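[1] structure of the sequence below:
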Amino acid sequence: MKVLSASIFKVVAILTFFTGACNIDEKGEPPRLESLQQGIKVSSAIGYCASIVVAAHKGLPLPANVSRNQAPGLLNVRIDDQFPLPFNKGNGNITIASLWNENGGIMSILFTGGNAGIYGFFAVPVAEDTPGGPLKAVYADQDIIVGNGSDTILDLSSITSFFLNSRLERLENPATDDPFVAVKQNFWLLRIKMNGTADNVYDDEITINGGGQIAEVSDGSGGVIYHAMIDTRLNYQLCSRNPVSGYALSQNFKAGGESLIDLGNSLITFHSTCDGKAHVDLSTGKYLEYCNRDIRLGFD
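    Okay, the predicted model is just below:
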């Protein structure tokens, strides 16, 4: 039997109260998961890169698809069928520039090819939680470069010690276990266990807490879709089709942010069965009829 946190009980209570109370005629639609899918894809990509960067700075063996550039702190990563980017489709290349001190560092990431409109990330902080222990990384929506850009994000030569330390201070922000708080943050905290195999990133365990909207996702009725993830755990070697545990909340609000026009909410739980699905525990509004049903996550 699952043990739910107090915050998850709060979500269940709120959604249960509103279930059936909406005046929306179409209640048989499946929950819209595009925002949640983006959160999983981006978090997985950052966790993947963080593991490689820390291995490089510690002098550990690197995966076979990673090569060092002549410039200091610059890595090239080949993404193909043999070495996929977990939970992301398409082949291409990743270039990672990083800057390090005794407390950790920052990494900027540039994608070339096949990453659903995400061009890169700027100055994402990464550090070991304890010496030799799990890694921590954190990103916010303003760190994400969507669409076209330039490789200037890889030039870290003008980064000051003050800026580097201010980024590392982000890692001290506590994770919330309340999805209604997380969904408004536009802020995601990652914890990465490398499992002692620096040259195999696919057995890393990535735990995600946070939420918001990475790039605007909307539906035909004028809703804007947000997501939150609480203790959502990824392990690509165990399962490449779905997270293996944790919770998520998907919210669809009328475009423009009118707080009283709620088009639908869904509380979702992930399971260890590697079937490409998650379970919709509760739904409201236009997703009402999807209560207590499984839904495909689209990572197949």
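[2] could you grab the helix/strand/coil label for Thr207?
    Secondary structure for Thr207, judged by DSSP: H, G, I helix; E, B strand; the rest coil, is strand.
[3] grab the most central residue of this protein for me.
    Note on the chain: the residue nearest the mean C-alpha position is Ser43, at 2.7 Å, using CA atoms, centre = their mean.
[4] let me know the secondary structure of that residue.
    State at Ser43, reduced to three classes by three-state DSSP: helix.
[5] isn't it up against Ile208?
    Yes: because the distance of 4.7 Å satisfies CB atoms under 8 Å, Ser43 is recorded as touching Ile208. Any C-beta I mention is one placed from the backbone N, CA and C, and that applies to glycine too.
[6] mind listing the shared neighbours of those two?
    For the pair Ser43 and Ile208, residues contacting each of them under the criterion CB atoms under 8 Å, 6 or more residues apart in numbering are Trp188, Leu190, Met229, Leu234.
[7] how about the strands in this structure?
    Ranges of strands in the chain, per DSSP state E, are 66-68, 74-79, 92-101, 104-112, 118-128, 135-140, 144-146, 187-193, 205-212, 223-234, 245-254, 262-269, 277-283, 293-296.
[8] related to what we said a few turns ago, neighbour count, distance to Ala123 and pLDDT for the shared contacts of Ser43 and Ile208 - can I get that in a markdown table?
    Putting these into a markdown table (neighbours: other CB atoms under 10 Å; distance: CB to CB, whole Å; pLDDT from 0 to 100) gives the following:
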| residue | neighbour count | distance to Ala123 | pLDDT |
| --- | --- | --- | --- |
| Trp188 | 26 | 15 | 97 |
| Leu190 | 25 | 15 | 98 |
| Met229 | 27 | 22 | 98 |
| Leu234 | 27 | 23 | 98 |
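[9] Leu60: which of the residues you listed is nearest?
    Proximity to Leu60 was ranked across the shared contacts of Ser43 and Ile208 by CB to CB; first place goes to Leu190, at 19.2 Å.
[10] quick check: beta-bridge partners of that closest one?
    Beta-bridge partners recorded for Leu190 (DSSP bridges): Ala137, Ile208.
[11] so how far is Lys136 from it?
    7 Å (CB to CB, to the nearest Å).
[12] likewise for Gln237?
    With distances taken as CB to CB, Gln237 is found 21 Å from Lys136.
[13] ok, those two, which is more surrounded?
    Under the neighbour definition other CB atoms under 10 Å, Gln237 and Lys136 were set side by side, and Lys136 has more, 21 against 14.
[14] show me which residues of stretch 287-297 are buried.
    Tyr287, Leu288, Tyr290, Cys291, Ile295, Leu297 (16 or more other CB atoms under 10 Å).
[15] which two in these are spaced the farthest apart?
    With distances taken as CB to CB, the most widely separated pair in the buried residues of stretch 287-297 is Leu288 and Leu297, at 20.4 Å.
[16] OK, contacts around the residue nearest to the centre of the chain?
    Applying CB under 8 Å, 6+ apart, one finds that Ser43 lies in contact with Trp188, Leu190, Ile206, Ile208, Met229, Leu234.
[17] next one: the last one from Asp219, what distance?
    Between Leu234 and Asp219 the distance, using CB to CB, works out to 26 Å.
[18] go on, the fifth one?
    Counting by CB to CB, the gap from Met229 to Asp219 is 20 Å.
[19] what's the answer for the fourth one, then?
    Computed as CB to CB, the Ile208 to Asp219 distance reads 24 Å.
[20] so which of the two has more stuff around it?
    Neighbour tally, Ile208 and Asp219, criterion other CB under 10 Å: the higher count belongs to Ile208, 28 against 16.
[21] got any ranges where the stretch 51-200 of the chain has weak pLDDT?
    The stretch 51-200 of the chain contains residues with pLDDT under 70 at 71-72, 113-117, 147-151.
[22] quick one: pLDDT of Asn252?
    Listed pLDDT for Asn252 reads 90.
[23] do I have it right that it meets Gly222?
    No: with the criterion set as CB under 8 Å, Asn252 and Gly222 do not qualify as a contacting pair; they are 9.8 Å apart.
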